[in-house]
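Participant: No letters, just coordinates:
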């Protein structure tokens, strides 16, 4: 089955720690995205990558970092510089054939800071 | 700047009743519009999308949406709601560089 996987489903972090969220897709999509979701605020874009070895900051990139070494993978690191990291994180991908604008989402990772 | 407004934060309907969720967008060119649904603790599932052509778009699970350029709206409808439709619904528009701009969402509750 083609799709997007995110791991872990739940993640707990102590203050001052960096943590990395995994996102993998086997849809052969070129573009990948990371969003943060907080109650009542919809989704906000953290980073996006339209091609391997290239990525751009979204609207709320401070305190986060990413890499795109493989087409299938787009891991997100939440650094200790992110002051309020507790949230639900969603990964998405798009871009195959003629339908390059439709984003498909993974199941999400819920990060809680202890 | 591009934006999406979903005026209703919460909506409650009875099972079997009709449903309309409102979405208004602000975008200079012809918009690419989407509706997604999210069950608690889950990712977003695409319901339907509008790129061009027929302004009435059919989606999955019996949903449809109508694009009205004159009103800058893309409202989601369903003629008869089922209890399993209880979820949060997001409207979105494609901004620059294929970035999606989301509304804040509408949470739907369904009474038996």
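Facilitator: Right, received. Where do you want to start? What you see is a predicted model; the values in this text were computed from it and never measured.
Participant: Chain B contacts on chain A?
Facilitator: Residues of chain A lying near chain B by CB under 8 Å from any CB of the partner chain: A:4, A:6, A:31, A:33, A:40-45, A:48, A:50, A:56, A:58, A:90, A:92, A:94-95, A:100-108, A:110. All C-beta spots, glycine's among them, are computed from the backbone N, C-alpha and C.
Participant: rerun that using 7 Å as the cut-off
Facilitator: A:31, A:40-43, A:45, A:48, A:90, A:94, A:100-108 (CB under 7 Å from any CB of the partner chain).
Participant: Residue A:93 - that's part of a strand, no?
Facilitator: Yes - assigned with DSSP: H, G, I helix; E, B strand; the rest coil, residue A:93 falls within a strand.
Participant: of the residues of chain A next to chain B, buried ones?
Facilitator: Neighbour-count burial (16 or more other CB atoms under 10 Å in any protein chain shown) is assigned, among the residues of chain A next to chain B, to A:31, A:42-43, A:45, A:48, A:90, A:94, A:102-108.
Participant: Can you give me the first-to-last residue distance of stretch A:100-114?
Facilitator: 39 Å (CA to CA, to the nearest Å).
Participant: residues contacting residue A:47?
Facilitator: A:34, A:55, A:56, A:57, A:58, A:61, A:64, A:66 (CB atoms under 7 Å, 6 or more residues apart in numbering or on different chains).
Participant: Swap in 8 Å and give it another go.
Facilitator: Counting by CB atoms under 8 Å, 6 or more residues apart in numbering or on different chains, residue A:47 makes contact with A:33, A:34, A:55, A:56, A:57, A:58, A:61, A:64, A:66, A:76.
Participant: would you list the buried ones among the residues of chain A next to chain B in JSON lines and tack on pLDDT?
Facilitator: As requested, these are arranged in JSON lines below (pLDDT from 0 to 100):
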{"residue": "A:31", "pLDDT": "93"}
{"residue": "A:42", "pLDDT": "84"}
{"residue": "A:43", "pLDDT": "93"}
{"residue": "A:45", "pLDDT": "94"}
{"residue": "A:48", "pLDDT": "95"}
{"residue": "A:90", "pLDDT": "97"}
{"residue": "A:94", "pLDDT": "92"}
{"residue": "A:102", "pLDDT": "89"}
{"residue": "A:103", "pLDDT": "93"}
{"residue": "A:104", "pLDDT": "94"}
{"residue": "A:105", "pLDDT": "96"}
{"residue": "A:106", "pLDDT": "97"}
{"residue": "A:107", "pLDDT": "96"}
{"residue": "A:108", "pLDDT": "96"}
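Participant: what's the most distant pair in the residues you listed?
Facilitator: Greatest spatial distance in these: A:31 and A:42, 20.0 Å, computed using CB to CB.
Participant: In chain A, where is pLDDT below threshold?
Facilitator: Along chain A, segments meeting pLDDT under 70 span A:1, A:96-98.
Participant: show me where it has strands.
Facilitator: A:4-7, A:10-13, A:19-25, A:31-37, A:43-51, A:54-57, A:64-66, A:76-78, A:87-94, A:104-105, A:109-113 (DSSP state E).
Participant: now do chain B
Facilitator: Under DSSP E, chain B gives strands at B:3-5, B:10-14, B:19-21, B:24-26, B:33-38, B:44-50, B:56-58, B:64-68, B:73-78, B:87-94, B:100-102, B:106-111.
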